[in-house]
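# Okay, predicted coordinates and the sequence, questions at the end:
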Amino acid sequence: MGKSNGGIRFWAARAALLAIVGAFGVAPAAHAAFGFSFFNADPSVENPGLLPTNPFYFLKNITRTVQRAMTTDPVNQANLELDILNQKAGELNKLQQVLDGSDENVKSATDLYGESIDRLSQDVAAINDTTATPAVSDLMTRIVKAELEHTVLFDESEASADAGLRDRLESLSDRLAGMTADAITKLDTPEALHARLDTLLGDQTNLEDDMMAARVLDRLQDKLGDAPSGTTVLLAHDRLMMRVIAKMEQDPSSVPNLFDQVPGDQVRTLVLLDEIREQLDNSDLKNTLAIVRQHLLDSMADAKSASKPEVQRMMDESDQLIQRAAAAGSGVKSATASSLVSHAKFNATQVSVSFDAGQYTDAAGQASLVLASLQDALVYYARADYDTLHGEIGGLKSSYDALAQRAADNNLNQDTASTTADQLDQAAQSIAKLSDLASGKINTDKVTPAFRNADLLLEQADVTIAGLIQQATDAAAAKLASEPLINRVLPFNQ
């Protein structure tokens, strides 16, 4: 009889715990469309539920403890902790919206988020499968997605934070990137990561979002270093630059204000600007960005945003990239890359002079040029590898096929949209030329500009097609709005 009562008490307690989980539990992650606007972000980031300032928040923590105890599979444990991490990112964001940035509750929320990063790192380390397993592949997509979304969220939060909170947010972004890099190194393959990034970044239509994504990729690449997956992120960043340039060329009048709209660390924004300028052939746009760059440097000087530790970080990163370039360039002949590295080394000496003189804004400006030149050199070296290059060319061909099909589906041809048809034709010719260049011994000094030209043509076509489809959608909506009410509410009368 005692045993029977014990069993009843056990199941009653278990039912009560499950009831708590049902009331306060972590919602299963929805694989929503990726977006930095957070209208399509993970639901638990937007709606995290109870905040740490709520007196009943302890129930939420109890629920999490119960869920962790009831979850034994390593992949499921990592997914659960990632759900919790998304919630804590949302909690931190909501707290900062309603409280002063210097409030201790906000700063405490950064500690709670950091604890979940550590737990997720431990859960990932316990996984023995790879992304060949669908469950692990889905987990990695969610981790990379969180890396992108959370880092942008923290960058946006830095704008209203005091110095102490900015340091905390920067530290969280750094730890998150480290965790993501470790997960990629342990569980992912360069090929799977390439497809993952293409999927996550492929649906963005907003230029500011692309620019923010490029900054996140920079940070992730720093953590991956010269690992094969680091090269994958490097080249994904290079392709993203072509999309940014294509969108800037579409609306050059908006460019002067763009960099004021990108939130977060001005130093990282400066590096992004110089990375874009490094790849530009459009002289008018290049001149515009030179003016924007000076404006940004003046703003940094006024705000004293280029701190001594920040510039030291840039100098350390420059030293690491110089070493990586030396290793990557071993056995590779590239006059362009060699020139870029030599130019970077010269600028690095100027950085040291300015740094020693306490002129940190000048030092940051020079260090940014160093980083942009070295990143460009690494791209040249990466595309000297036969397998890497041919994998990327295959990606260009797939992108062309998808764009051509999209144009056909929307009746965009030489008669209805001659610009689109011409762009697609030029892209096809450029890809064919690139394939010829890559058919024999690879000359990266020729191949890399040819690849970027083909990629840029595809991005320009993509921008044009998207614009025409949007125009058609707007025209159809305007026509429907002018119809009598009966036709609008009863579409079958159309």
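Noted; the coordinates are in hand.
# Where in the chain is the helix or strand with the lowest mean pLDDT?
Across the helices and strands of the chain, mean confidence by mean pLDDT, DSSP states H and E is lowest for helix 2-24: a mean of 46.
# now the helices for the stretch 201-350 of the chain?
Assigned by DSSP state H, counting those that start in this stretch, the helices in the stretch 201-350 of the chain fall at 207-224, 228-250, 255-261, 266-279, 283-303, 308-328, 335-356.
# Least confident of those helices, on average?
Among those, helix 255-261 carries the lowest mean pLDDT, at a mean of 82.
# Packing partners of it?
Applying 3 or more Cβ pairs under 8 Å, 6 or more residues apart in numbering; DSSP states H and E, one finds that helix 255-261 contacts helix 207-224, helix 283-303. C-beta: built from backbone N, CA, C; applies to glycine.
# Show me what the last one is in contact with.
Okay, so that is helix 283-303. In this structure, residues lying in contact with helix 283-303 by Cβ atoms under 8 Å, 6 or more residues apart in numbering are 245, 248-249, 252, 255-256, 258-259, 266-267, 269-270, 273-274, 276-277, 280, 305-306, 361, 364-365.
# Which residue, other than its chain neighbours, is closest to A382?
Once flanking residues are discounted, A382 sits nearest to T231: 5.0 Å by Cβ to Cβ, 6 or more residues apart in numbering.
# An error on my part: the question was meant for F451.
Leaving out its chain neighbours, the residue that sits closest to F451 by Cβ to Cβ, 6+ apart is L434, at 5.8 Å.
# Run through the residues that contact the one you found.
By Cβ under 8 Å, 6+ apart, the contact set of L434 is I393, L396, V447, A450, F451, A454.
# for the helix or strand hosting the fifth one, which positions count as buried?
Looking back up the chat, that one is F451. If you go by DSSP states H and E, F451 is part of helix 444-481. Residues of helix 444-481 classed as buried by neighbour count (16 or more other Cβ atoms under 10 Å): 444-445, 447-465, 468.
# what's that helix packed up against?
Other helices and strands packing on helix 444-481, by 3+ Cβ pairs under 8 Å, 6+ apart, are helix 228-250, helix 335-356, helix 360-382, helix 386-409, helix 418-437, helix 485-489.
# and those, which is most packed in?
Highest mean neighbour count among the helices and strands packed on helix 444-481 (mean count of other Cβ atoms under 10 Å): helix 360-382, with a mean of 25.
# Only alpha carbons, please: show that helix as CSV.
Extracted in CSV, the C-alpha atoms of helix 360-382 (Å, rounded to 0.1, in the frame of the first residue of the first chain):
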residue,chain,number,x,y,z
TYR,A,360,43.2,56.4,-31.9
THR,A,361,40.7,57.6,-34.5
ASP,A,362,43.5,57.9,-37.1
ALA,A,363,44.9,54.6,-36.1
ALA,A,364,41.5,53.0,-36.5
GLY,A,365,41.1,54.5,-39.9
GLN,A,366,44.5,53.1,-41.0
ALA,A,367,43.9,49.7,-39.4
SER,A,368,40.6,49.4,-41.2
LEU,A,369,42.4,49.8,-44.5
VAL,A,370,44.8,47.1,-43.4
LEU,A,371,42.0,44.6,-42.6
ALA,A,372,40.2,45.3,-45.8
SER,A,373,43.3,44.8,-48.0
LEU,A,374,44.2,41.5,-46.2
GLN,A,375,40.7,40.2,-46.4
ASP,A,376,40.8,40.9,-50.2
ALA,A,377,44.1,39.1,-50.5
LEU,A,378,42.8,36.0,-48.7
VAL,A,379,39.9,35.9,-51.2
TYR,A,380,42.4,35.8,-54.1
TYR,A,381,44.4,33.0,-52.4
ALA,A,382,41.2,31.0,-51.6
